[in-house]
Structure formats: C-alpha cells, structure tokens
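> Using only what follows, build the 3D model:
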Amino acid sequence: MPPPIRAGLVLGFSVAAWTFVMGFTGWYRHPSLLRLFWLVVPMQVGILVWGLRTTARDSSYLRQVMNGLNATVLGAMIIFTGSLLFTTVVFPTYFADLEALGRDLMAKQGLSAAQIEAAVKAQAPMQTPRASAMAGAIGTVLTGFLTSLIAAAFLRRKGTPQGISHP
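Sure thing, here's the model as predicted:
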C-alpha cells in the first residue's frame, strides 16, 4: 500500500476513533474534558510527519506536499463519515448535549437569558451533523496542508551536489 494512502487511513481512523472515545466516555459533556478533543491536532501532525518520513528519500518538496495533501484528503473523507455516524447514529443527542452544556456555562458566567438565547441562535447553523462533519473535514485539510508545507521542507530528498555521486 502506498505510504500516503496508509497515512491517510491511519489519520482518518485514528481521529474517528478518538471522537468515539470522547463519546463513549462522556467526556464531551464535561467542560474541562471537552478540550481533550483537540488532541486530534497533534495526532494529525504526528501521523503526517510519520507518513512523509516514509516518502522523503524519493520525493521532492512538491511531491512531499502532494503526498501529505493526498493523505490528508483521504483522512478527511474518513473523518467526515465518522463524524456523521457519530452524530446521527451513535450519539443522536450530541448537539442537544452540547447546547445544554453551553447554556449552563454561559449562565455560570453571568450572561442574561437573552444573551444566552442569542449565542445559541448564532451557533445553531453549525450545530448540525453535516455542518459539524464538514467543519472537521475542512479543518483536517487545512491543518494537513500547512503541516505538509512545513514538514516537506525538512523531510525530502536533498539535491546531490555536483561532482559527488551517491551509490
């Protein structure tokens, strides 16, 4: 299996698995533990760097960026599908749970009922399975693209100086 495909599969299924860990443990319902979801960012960076290291010897800068982007797009498709499964089948009350948590936190911060309603109304368009899954996929692609641009500068074939041959 080509390394970018392997890295994309590992990326997609790892992030999807972490999402389900957050769900099955109920951590997404706790204000302090909800932040643990963001561990997907260093997870993605690590997986992409791992994947790009396996192609570095035979790849130019542009090829490395493309390898990282290919892995990222495949991972994003899996993450999108996993997110839809998570919010529509396995945890259909996910958005209601998050709304209740948000209302509670805003009330504890001293916001008025009108301010809380305005905030909930403003967040409502993103609180759907499709919008949430798309946001995750887009975030994955953007993070992967930036990671690939940076990592490819360090993890790629170096030009051979003239007059020196390598076996």
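> and the most centrally placed residue in the chain, helix, strand or coil?
The chain has Thr140 as the residue nearest its centroid, 4.0 Å off, counting by C-alpha atoms, centre = their mean. Here Thr140 is recorded as helix under DSSP: H, G, I helix; E, B strand; the rest coil.
> Now it: closest residue in space that isn't a chain neighbour?
Excluding the flanking residues, the one nearest Thr140 by C-beta to C-beta, 6 or more residues apart in numbering is Ala76, at 4.2 Å. To be clear about C-beta, it is placed using only N, CA and C from the backbone, and glycine gets the same treatment.
> Check which helices and strands the helix or strand that neighbour falls within is in contact with.
When elements are assigned from DSSP states H and E, Ala76 belongs to helix 61-85. Here helix 61-85 touches helix 3-25, helix 40-55, helix 129-154, going by 3 or more C-beta pairs under 8 Å, 6 or more residues apart in numbering; DSSP states H and E.
> For my notes, please list those helices in TSV and give mean pLDDT for each entry.
Converted to TSV, the helices and strands packed on helix 61-85 look like this (pLDDT from 0 to 100):
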stretch	mean pLDDT
helix 3-25	97
helix 40-55	95
helix 129-154	96
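> can you count the residues close to Leu98?
Neighbour count for Leu98, taken as other C-beta atoms under 10 Å: 16.
> Isn't it up against His30?
No: here Leu98 does not reach His30: they are 11.4 Å apart, not a contact under C-beta atoms under 8 Å.
> sorry, back to before: need the helices and strands packed on helix 61-85 in JSON lines (columns: distance to Leu111).
Compiled in JSON lines, the helices and strands packed on helix 61-85 are given as follows (distance: least, C-beta to C-beta, whole Å):
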{"stretch": "helix 3-25", "distance to Leu111": "26"}
{"stretch": "helix 40-55", "distance to Leu111": "29"}
{"stretch": "helix 129-154", "distance to Leu111": "23"}
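> out of those, which comes closest to Phe86?
In terms of C-beta to C-beta, the element of the helices and strands packed on helix 61-85 nearest to Phe86 is helix 3-25, at 5.5 Å.
> got the CA coordinates for that closest one in CSV?
Once non-C-alpha atoms are left out, helix 3-25 reads as follows in CSV (Å, rounded to 0.1, in the frame of the first residue of the first chain):
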residue,chain,number,x,y,z
PRO,A,3,2.6,5.4,2.1
PRO,A,4,0.2,8.4,1.5
ILE,A,5,-2.8,6.0,1.5
ARG,A,6,-1.5,4.2,4.6
ALA,A,7,-1.0,7.5,6.4
GLY,A,8,-4.5,8.8,5.3
LEU,A,9,-6.1,5.6,6.6
VAL,A,10,-4.3,5.8,9.9
LEU,A,11,-5.1,9.5,10.2
GLY,A,12,-8.8,9.1,9.4
PHE,A,13,-9.4,6.1,11.6
SER,A,14,-7.3,7.5,14.5
VAL,A,15,-9.3,10.7,14.6
ALA,A,16,-12.6,8.9,14.2
ALA,A,17,-11.6,6.5,17.0
TRP,A,18,-10.7,9.4,19.3
THR,A,19,-14.1,11.0,18.5
PHE,A,20,-15.8,7.8,19.7
VAL,A,21,-13.6,7.6,22.8
MET,A,22,-14.8,11.2,23.6
GLY,A,23,-18.4,10.0,23.1
PHE,A,24,-18.3,6.7,24.9
THR,A,25,-16.5,8.1,27.9
